[in-house]
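Asks: this is a predicted model, with the sequence first.
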Amino acid sequence: MAKAQIWDCVKHEYTPYEIPADWHCPLICQDMNTLINCVSCGKEITFGEGYTSHFIHTIGGFGYYVCEECMEKEWAIEKAARKKS
């Protein structure tokens, strides 16, 4: 399993996040049609269809790619967190 971290926008801190070993979650690809997995739900998408996650990052802070549905969930979580602050 690949090691990553997930940002908690309420607590303002990272917690460990493990990417399953059988998921293909590259940070960069030469071919936008390369099949990858959404780092959040595992759905298979092409690299070009992905969005950079606002929450799931490498230890160095680079965002992994998520599908459209997971990105919409991230936006909703961020919006709710902003309303609370």
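Replies: Ah, there it is.

Asks: what's the distance between the nearest residue to residue 48 once chain neighbours are set aside and residue 56?
Replies: Among residues not flanking residue 48 along the chain, residue 32 sits closest, at 3.3 Å (C-beta to C-beta, 6 or more residues apart in numbering). All C-beta atoms are positioned from the backbone trio N, CA, C, and that covers glycine. Relative to residue 56, residue 32 is positioned 20 Å away (C-beta to C-beta, to the nearest Å).

Asks: phi, psi for residue 16 please.
Replies: phi -60, psi 150 (degrees, to the nearest 10).

Asks: number of nearby residues for the closest residue to it other than its chain neighbours?
Replies: Excluding the flanking residues, the one nearest residue 16 by C-beta to C-beta, 6+ apart is residue 5, at 6.1 Å. With neighbours defined by other C-beta atoms under 10 Å, the count for residue 5 comes to 17.

Asks: more neighbours: residue 32 and residue 56, which one.
Replies: Ranked by neighbour count (other C-beta under 10 Å), residue 32 and residue 56 place residue 56 first, with 23 against 10.

Asks: doesn't the more buried one lie inside a strand?
Replies: Yes - judged by DSSP: H, G, I helix; E, B strand; the rest coil, residue 56 forms part of a strand.

Asks: that one contacts residue 64, doesn't it?
Replies: Yes - between residue 56 and residue 64 there is a contact under C-beta atoms under 8 Å: 5.0 Å.

Asks: overlap in contacts, these two.
Replies: 4, 39 (C-beta atoms under 8 Å, 6 or more residues apart in numbering).

Asks: pLDDT-wise, which helix or strand of this structure ranks last?
Replies: strand 2-8 (a mean of 91; mean pLDDT, DSSP states H and E).

Asks: quick one: strands adjacent to it?
Replies: Partner strands and pairing direction for strand 2-8 (DSSP bridges) are strand 13-19 (antiparallel), strand 51-57 (antiparallel).

Asks: can you list those strands in TSV and add distance to residue 25?
Replies: Putting the strands paired with strand 2-8 into TSV (distance: least, C-beta to C-beta, whole Å) gives the following:
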stretch	distance to residue 25
strand 13-19	5
strand 51-57	9
